[in-house]
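Enquirer: starting from these lines, generate the structure:
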Amino acid sequence: MSAEQPRPAGSPSGRGARPSVAVLGVGTMGEAVLAGVLRSGWSPDDVVAVVRRDERAAELADAHGVRSVPLAEGAARDVLVVAVKPQQLDDLLAQAAPHVRAGALVVSVAAGVTTARLAAALPEGVAVVRAMPNTPALVGSGVTAVSAGPGAGEEQVALVAEMLSGAGDVVHLPESQQDAATAVSGSGPAYVLHVLEALVEAGVHAGLPRATAARLATGTLAGTAALLQETGEHPSLLRERVTSPGGTTAAGLRQLDERGVRAALLAAVEAARARAGELA
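Expert: Residues are numbered from 1 along each chain as shown. As a prediction, this is how the structure comes out:
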């Protein structure tokens with residue numbers, strides 16, 4: 001198919017016939033998506049980035065083999081991944097909209113931004129899908145919540161799932177649950193790292209060298225997540241197996257409960273969910 005006849009973005013396709021992709025805004029989350037798309041089988045020749053700084057363009061070329069292009073060129077691609085901050089979204093869409101073709105697919109990873117808001121700023125005939133990946137997508141171990149928006153049917157959602165499968169697990173949700181997903185999985189790595197930092201620090205205070213404490217804590221976190229996924233059991237059941245009556249784990253868990261760790265995490269997720277709604 002010639003350059004003058006762009007591939008339709010509506011359906012997943014085999015190797016050699018994949019729709020072209022542009023990532024508009026390649027910060028941490030945008031790079032995670034870009035890496036996932038490449039890991040899913042897209043050629044670097046079919047993926048471009050739109051960034052502001054030449055230094056960032058050079059970094060992406062070195063790390064991923066993709067070239068950076070002006071916004072007008074990127075916006076004419078089959079699939080546009082909008083990965084700027086919500087506060088920058090309106091300006092970006094205003095500049096990009098004249099170059100977006102009918103039949104294109106726009107995927108937003110901007111936290112809290114509804115598909116209705118995107119569709120209102122885009123030409124008619126453009127399908128919109130909302131996705132929320134998290135930073136582990138950079139290494140193919142993320143999880144992405146995907147929701148269909150205006151003009152997006154099963155084929156468009158399947159294409160987005162195919163694109164992001166290289167970033168990790170893909171979960172399909174109604175858009176009404178996206179803010180909650182953002183609060184749990186989008187912001188979740190920060191909560192987990194916060195706990196991990198504290199666990200490492202606690203190991204140091206208990207007498208371990210910092211490097212050893214970090215290795216023990218990180219391995220424990222990764223192993224526990226793998227155990228949970230492999231067994232499919234409820235976290236409570238696995239926790240009970242570690243908690244012998246009157247043992248060391250029981251003593252530690254009592255301190256966590258007395259200090260309200262569970263309540264603090266519940267409050268953190270609710271605060272993040274509320275903030276996502278405010279950003280909309």
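
Enquirer: and the gap between residue 155 and residue 244?
Expert: 53 Å (CB to CB, to the nearest Å). For glycine as for every other residue, the C-beta is placed from the backbone atoms N, C-alpha and C.

Enquirer: contacts for the helix or strand that residue 220 is a member of, please.
Expert: Following DSSP states H and E, the helix or strand that holds residue 220 is helix 210-231. Under the criterion CB atoms under 8 Å, 6 or more residues apart in numbering, residues 192, 196, 199, 200, 201, 202, 203, 204, 208, 235, 238 lie in contact with helix 210-231.

Enquirer: what's the neighbour count on the first one?
Expert: Applying other CB atoms under 10 Å, we find 13 residues neighbouring residue 192.

Enquirer: how close does it sit to residue 235?
Expert: Taken as CB to CB, the span from residue 192 to residue 235 is 13 Å.

Enquirer: now the second one
Expert: Taken as CB to CB, the spacing of residue 196 relative to residue 235 amounts to 17 Å.

Enquirer: what about these two, which has more around it?
Expert: Neighbours were counted for residue 196 and for residue 235 using other CB under 10 Å; residue 196 has more, 16 against 9.

Enquirer: going along the chain, name the helices of this protein.
Expert: 28-39, 54-64, 71-74, 86-96, 115-120, 154-164, 178-181, 188-205, 210-231, 235-242, 248-258, 261-279 (DSSP state H).

Enquirer: low-confidence ranges in the protein?
Expert: For the chain, residues meeting the criterion pLDDT under 70 lie at 1-16, 280.

Enquirer: which parts of it belong to which domain?
Expert: What automatic domain parsing lists as the domains of the chain is 21-173, 188-279.

Enquirer: export these to JSON lines and tack on distance to residue 179?
Expert: Below are those laid out as JSON lines (distance: least, CB to CB, whole Å):
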{"stretch": "domain 21-173", "distance to residue 179": "6"}
{"stretch": "domain 188-279", "distance to residue 179": "4"}
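
Enquirer: who wins for proximity to residue 181 among those domains?
Expert: Closest of the domains of the chain to residue 181 is domain 21-173, at 3.7 Å (criterion: CB to CB).

Enquirer: which residues touch residue 123?
Expert: Residue 123 sits in contact with 97, 100, 101, 102, where contact means CB under 8 Å, 6+ apart.

Enquirer: swap in 7 Å and give it another go.
Expert: 97, 100, 102 (CB atoms under 7 Å, 6 or more residues apart in numbering).

Enquirer: of those, grab the buried ones for PyMOL.
Expert: Buried members of those, defined by 16 or more other CB atoms under 10 Å, are picked up in PyMOL with:
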select buried, resi 100
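
Enquirer: ok, back up a step: now flag whichever of the contacts of helix 210-231 is closest to residue 265.
Expert: residue 192 (10.1 Å).

Enquirer: what's the spacing between the closest one and residue 217?
Expert: 11 Å.

Enquirer: many thanks, we can stop here.
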